[in-house]
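Participant: how would this look folded up:
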Amino acid sequence: MKRLFLLPLLLASMLRAEDAQPKTAEEIIRIVQNSYALQNYKMTGELRDDTSGRSEPLTLTMQDKVMRFLFKNPPPEIVHLDMNTSPATLYQVRQGGSSVVPNSQHGSKVRGMEFNYEDLSLAFLYWPRPQLMGEDRVSGQKCWIVRVTNPSSQGPYYAVDLWVHQGSGGAAKMAAFDRTSKIVKKYQVTKVQKVEGATTLKELRIESINPANGEVIGRTYMKLDDPVKNN
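Facilitator: A predicted model of the protein is given here:
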């Protein structure tokens, strides 16, 4: 059974469990990196803020190792991640041209929702010296837990824990921590759908957490329709 999981934005691979059983954190992260780069799909959907009910339509395409998020509501915006570079390069296209998203903007919310440009950049997948923390289950599926730590003082996260599905190599869950080791963000796939023998994302929940007390202070859902293969 093929599986395709998404984590902000994180599209997982279609690797079968027997294709690769990595033994180190570096090998696991490499599989996750490749899983994004090898996708070739187009999906439509929406972001919905849980508190206000506000929604934002989006189109997500993946082709030639580039992931593009197209937002048509005014002001229109395209955010694209070029995975032909290492680390991947995040660009923002608005009226007037295209530019690299600066590190100073990585903590800013995307379209006012509960995920930020750091999440879209996948920068944490390129942080050095990942650690294998053990194994766990997410929705009944066996996962490796890999921790990556920010080597610099820039960006909104100090460390990120990834739950990587052992059958597909895709990230099914994520937790991000600030520099006091308090959790500030959670991602989890909440619904999937079957499409042509693959299990694909239907709904992703993104939660912002108050590090002082652990309470949820914001929640966004990403919902996607069936993927369409690019020609």
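
Participant: In CSV, list the C-alpha atoms belonging to stretch 159-172.
Facilitator: C-alpha atoms of stretch 159-172 as CSV (Å, rounded to 0.1, in the frame of the first residue of the first chain):
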residue,chain,number,x,y,z
ALA,A,159,14.4,22.4,18.1
VAL,A,160,11.9,20.3,16.1
ASP,A,161,10.7,16.7,16.7
LEU,A,162,9.5,14.8,13.6
TRP,A,163,7.5,11.6,13.7
VAL,A,164,8.5,9.9,10.4
HIS,A,165,6.3,7.1,9.2
GLN,A,166,8.4,3.9,8.8
GLY,A,167,6.3,2.6,5.9
SER,A,168,6.4,5.7,3.7
GLY,A,169,9.3,7.9,4.9
GLY,A,170,6.8,10.8,5.4
ALA,A,171,6.4,13.1,8.4
ALA,A,172,3.1,12.4,10.0
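
Participant: In the chain, which residue sits furthest out from the middle?
Facilitator: Distance from the C-alpha centroid of the chain peaks at residue 96, with 27.5 Å (C-alpha atoms, centre = their mean).

Participant: and it, what pLDDT?
Facilitator: Reported pLDDT at residue 96 in the predicted model: 78.

Participant: cool, and the one 5 residues further on?
Facilitator: Confidence per residue is given as pLDDT, and for residue 101 that number is 95.

Participant: The closest residue in space to it that isn't next to it in sequence: what's it in contact with?
Facilitator: In space, and not counting its chain neighbours, residue 101 is closest to residue 90: 4.5 Å by C-beta to C-beta, 6 or more residues apart in numbering. C-beta here means a position set from N, CA and C on the backbone, and glycine is covered the same way. Going by C-beta atoms under 8 Å, 6 or more residues apart in numbering, residue 90 touches 79-82, 100-101, 117, 120-121.

Participant: Filter these down to the buried ones, PyMOL style.
Facilitator: This is the PyMOL syntax for the buried subset of the contacts of residue 90, where burial follows 16 or more other C-beta atoms under 10 Å:
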select buried, resi 79+80+81+101+117+120+121
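
Participant: partners of the helix or strand hosting residue 45 in the sheet?
Facilitator: Taking DSSP states H and E as the definition, one finds residue 45 inside strand 41-49. Paired neighbours of strand 41-49 in the sheet (DSSP bridges): strand 55-63 (antiparallel), strand 216-224 (antiparallel), strand 228-229 (antiparallel).

Participant: can you put the ones you listed in CSV and add mean pLDDT and mean neighbour count?
Facilitator: Below are the strands paired with strand 41-49 laid out as CSV (pLDDT from 0 to 100; neighbours: other C-beta atoms under 10 Å):
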stretch, mean pLDDT, mean neighbour count
strand 55-63, 92, 17
strand 216-224, 95, 19
strand 228-229, 74, 10
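
Participant: Dump those strands to a markdown table, plus distance to residue 162.
Facilitator: Converted to a markdown table, the strands paired with strand 41-49 look like this (distance: least, C-beta to C-beta, whole Å):
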| stretch | distance to residue 162 |
| --- | --- |
| strand 55-63 | 19 |
| strand 216-224 | 18 |
| strand 228-229 | 27 |
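
Participant: out of those strands, which comes closest to residue 171?
Facilitator: Across the strands paired with strand 41-49, residue 171 has its closest neighbour in strand 216-224 (14.0 Å, C-beta to C-beta).
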